[in-house]
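Engineer: Any chance you can model this:
(chains A, B, C and D)
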Number of protein chains: 2
Amino acid sequence: MSKPTARARLAQAAFVLFDERGYEQTTVDDIAERAGVGRTTFFRHYRSKEDVIFPDHDRLLQLIRDRLSATSNSTALVAVSDAVRLVLLHYIDEGDLARRRYALTSKVSALRDREIVSVARYQRLFREFISDWMGDPTESASLRAELMAASVVAAHNHVLRRWLRGESPDPIAEMDEAMREVLALFPGPRSRPRVADGGTTVAVFRTGEDLDALLPALRRLIGGEPER
Amino acid sequence: MSKPTARARLAQAAFVLFDERGYEQTTVDDIAERAGVGRTTFFRHYRSKEDVIFPDHDRLLQLIRDRLSATSNSTALVAVSDAVRLVLLHYIDEGDLARRRYALTSKVSALRDREIVSVARYQRLFREFISDWMGDPTESASLRAELMAASVVAAHNHVLRRWLRGESPDPIAEMDEAMREVLALFPGPRSRPRVADGGTTVAVFRTGEDLDALLPALRRLIGGEPER
DNA sequence: CTTTGGAATGGTACTGAGTACCACAAGACT
DNA sequence: AGTCTTGTGGTACTCAGTACCATTCCAAAG
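Structural biologist: Residues are numbered from 1 along each chain as shown, chains lettered A, B, ... in the order given. Alright, predicted model coming up:
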C-alpha cells in the first residue's frame, strides 16, 4: 500500500485540496505538489483540472454504447433501461466518492457545467439509438426520439440526484419505477398487433374527465380510430 | 455609419475571423486588433471569448423569466408555450446571424458545450416554474416536472435546429405542433372535472393493440379506475 | 471659457490552465 | 554490454482572464 499509483494519489490530493480551499483556489501545481509528482505528470493522467473529478466518464459512455449495441430489435427499450441502470449502479458503486463529487459540483459552477455537458453526451447517445431503433425517418419520429432520450436522461438524473442527496433508500427500485413511468408516456412502437387485422377494444372508465379533452391523447396512445 | 459601437465592431470582427481561421486559431488579441480597439475593451464588452458568440443569452433568460412569472394558475401551460415561442422568435429575428452561429457551434466543440450549458439554464427555469405550478411536493410530481421541462426544451431544440438547418419553412407552426405533442404526453393536472362526481366514460377503439398492454398508460392518462 | 467629474478606453503586469519539447531514470528484452 | 519502452520532471511557451493605473473624451456645472 506504500505505492498507490500516481494517478490515484493525484485524485486523492485533488479532492482533499478542493475540500480544504475550494476548487478555484486550488491550482494544478498545488495538486501535483501534494501528490508528490510533477505538474507534467498531472496532465499526463488527466486532460484537465476538471477531469480529475470526472475520471471515468468516458468509460461509462463506452459502457452504455456497448449495452445499447448488444440489442435485438424487440428488446430496445429493455436495453435503454439497462443502460440507465448501469450508470446508476456505477455511481452507487462509487459510494461516498460520488457524493463528494456531487457536493463539489453543487458549489462550483464550472464543474456543474462540465457535468451538464457530460450528461448531454449520454442523451445524444440515447437519441441516436432510439432514432435508429424506430427506423422511421419521419420528422415526427425524429421528434419522438428526441423527447424519449430527453425524458430518459431526465428521469435518470432525477433519481440519481435524489440518491446523491441521501433522499432515496432504494434508488434502483426508484429508477425502475421512474423508467416505467417514462416509457409509459410514449406509445410503444407499433409492436406487431396480437390481433392481426385489428380488433375492437372497449375501455370503460369512471372519470370526471371530459372525453373530448382526452381524445387526442387517446388517439395517439392507441393509434386506432375511436368509434365513440 | 462611420461609428458603429465598439461592441458591434468586436462582434463583427469575431465572426469574420472565426470564419476565416477557425475559432481556436483566433485569439482575443486578433479580434480586438481587427476591431481597432484594445484587448481590455474586448473583455469589458464580453466576459469571455465565447461570449462574443452568445451575447444576449442572459437577456433571453430574463425574457423567459418574465413571461413565466406573468401568469395566472390556469394559463401555466400557455405561458410555457409562449416562452418557448419567444425564444424561437428571437432566433428567427437574428436570421442569418443565428445560422452563422449554428455553423460555428456545429464545428467547435467548446462552443457546442457552451450552448448546451445555456440550454440547461432554460430547462432549469422551466423545471422550477412547472414544479411551482404543480404545487405538489410529491416525489412523483417532482419527477413529472423534470420530465416536462426536459421534453419542452427538447422539442424546442428540435424545431429550432431544423430551422437553423433550413429544413423548416414554417418553424412557428412546427413549434406549436411540437408543443402540442409534448403537452399531450402529460396528463393535465386534474383540471376540475366537468362531471362533478365522476361519470362513466366509454371509449371504443379498433386497434390491434392488446388491451392489457395499454392499461397502465390508460390509467395514468385518465386517472380513473377501469371497469373492464 | 474653465473646471470638475464620470465614463470609456488603452496599456502593463500578473495568474493559471494547457501544450510542446527535451532530458533523464528504471526496468525489460536481445 | 546495449537498446527500447514507459513513466517521469523540468523548462519554456501561448493564451484566456483579472487587476490596476493612467489617459482621454465629453458633458454638465461654475
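
Engineer: how about low-confidence regions in chain A?
Structural biologist: Low-confidence segments of chain A (pLDDT under 70): A:1-3, A:73, A:188-228.

Engineer: need the strands for it, in chain order.
Structural biologist: A:199-207, A:225-226 (DSSP state E).

Engineer: interface residues of chain A facing DNA strand D?
Structural biologist: A:Thr5, A:Ala6, A:Gly36, A:Val37, A:Gly38, A:Arg39, A:Thr40, A:Thr41, A:Arg44, A:His45 (C-beta under 7 Å from any atom of the strand). The way it works is simple: take the backbone N, C-alpha and C, and place the C-beta from them, glycine included.

Engineer: Tell me which two in those residues are the farthest apart.
Structural biologist: Using C-beta to C-beta, the pair of the residues of chain A next to DNA strand D lying farthest apart is A:Thr5 and A:Arg39, separated by 17.3 Å.

Engineer: Please identify which of those two sits among more neighbours.
Structural biologist: Each of A:Thr5 and A:Arg39 has its neighbours counted (other C-beta atoms under 10 Å in any protein chain shown); A:Arg39 has more, 14 against 9.

Engineer: so who does the spatially most central residue of chain A touch?
Structural biologist: For chain A, the residue nearest the mean C-alpha position is A:Val153 (4.2 Å; C-alpha atoms, centre = their mean). Contacts for A:Val153 were tallied using C-beta atoms under 8 Å, 6 or more residues apart in numbering or on different chains; they are A:Val119, A:Tyr122, A:Gln123, A:Phe126, B:Ala150.

Engineer: if we go to 10 Å?
Structural biologist: A:84, A:87, A:119-120, A:122-127, A:182, B:150, B:154 (C-beta atoms under 10 Å, 6 or more residues apart in numbering or on different chains).

Engineer: That one and B:Ser140, how far apart?
Structural biologist: Applying C-beta to C-beta, to the nearest Å, the value for A:Val153 to B:Ser140 is 18 Å.

Engineer: if I look at the residue nearest to the centre of chain A, how far off is B:Ser131?
Structural biologist: On the measure of C-beta to C-beta, A:Val153 and B:Ser131 end up 18 Å apart.

Engineer: One more: A:Thr41?
Structural biologist: For A:Thr41 relative to B:Ser131 (C-beta to C-beta), the value is 46 Å.

Engineer: now swap in A:Ala178 and tell me
Structural biologist: Taken as C-beta to C-beta, the span from A:Ala178 to B:Ser131 is 16 Å.

Engineer: what's the answer for A:Ser81, then?
Structural biologist: Counting by C-beta to C-beta, the gap from A:Ser81 to B:Ser131 is 25 Å.

Engineer: go on, A:Gln62?
Structural biologist: Taking C-beta to C-beta, one finds A:Gln62 at 34 Å from B:Ser131.

Engineer: Which one's more surrounded, those two?
Structural biologist: The neighbour count for A:Gln62 versus B:Ser131, taken as other C-beta under 10 Å, is higher for B:Ser131 (18 against 11).

Engineer: Quick one: residues contacting that one.
Structural biologist: Neighbours of B:Ser131 in contact, by C-beta under 10 Å, 6+ apart: B:Pro137, B:Ala141, B:Ser142, B:Arg144, B:Ala145, B:Glu146, B:Met148, B:Ala149.

Engineer: Please check these and keep the buried ones.
Structural biologist: Among the contacts of B:Ser131, the ones that count as buried by 16 or more other C-beta atoms under 10 Å in any protein chain shown are B:Ser142, B:Arg144, B:Ala145, B:Glu146, B:Met148, B:Ala149.

Engineer: And the residues you listed, which is closest to DNA strand D?
Structural biologist: B:Ala149 (28.2 Å; C-beta to the nearest atom of the strand).

Engineer: Looks like that closest one contacts B:Arg121 (just checking).
Structural biologist: No: look at B:Ala149 against B:Arg121 with C-beta atoms under 10 Å: they stay out of range, at 11.5 Å.

Engineer: Give the burial count for A:Ser140, as a bare number.
Structural biologist: A:Ser140: 11 neighbours (other C-beta under 10 Å).

Engineer: Touching, it and B:Ala178? I think so.
Structural biologist: Yes: the pair A:Ser140 / B:Ala178 is scored as a contact, 8.8 Å apart, by C-beta under 10 Å.

Engineer: Okay, buried residues for stretch A:152-165 please.
Structural biologist: A:Val152, A:Val153, A:Ala154, A:Ala155, A:His156, A:Asn157, A:His158, A:Val159, A:Leu160, A:Arg162, A:Trp163, A:Leu164.

Engineer: Helices of chain A, residue ranges please.
Structural biologist: A:6-21, A:28-35, A:39-45, A:57-69, A:76-94, A:96-107, A:109-134, A:139-164, A:171-185, A:211-222 (DSSP state H).
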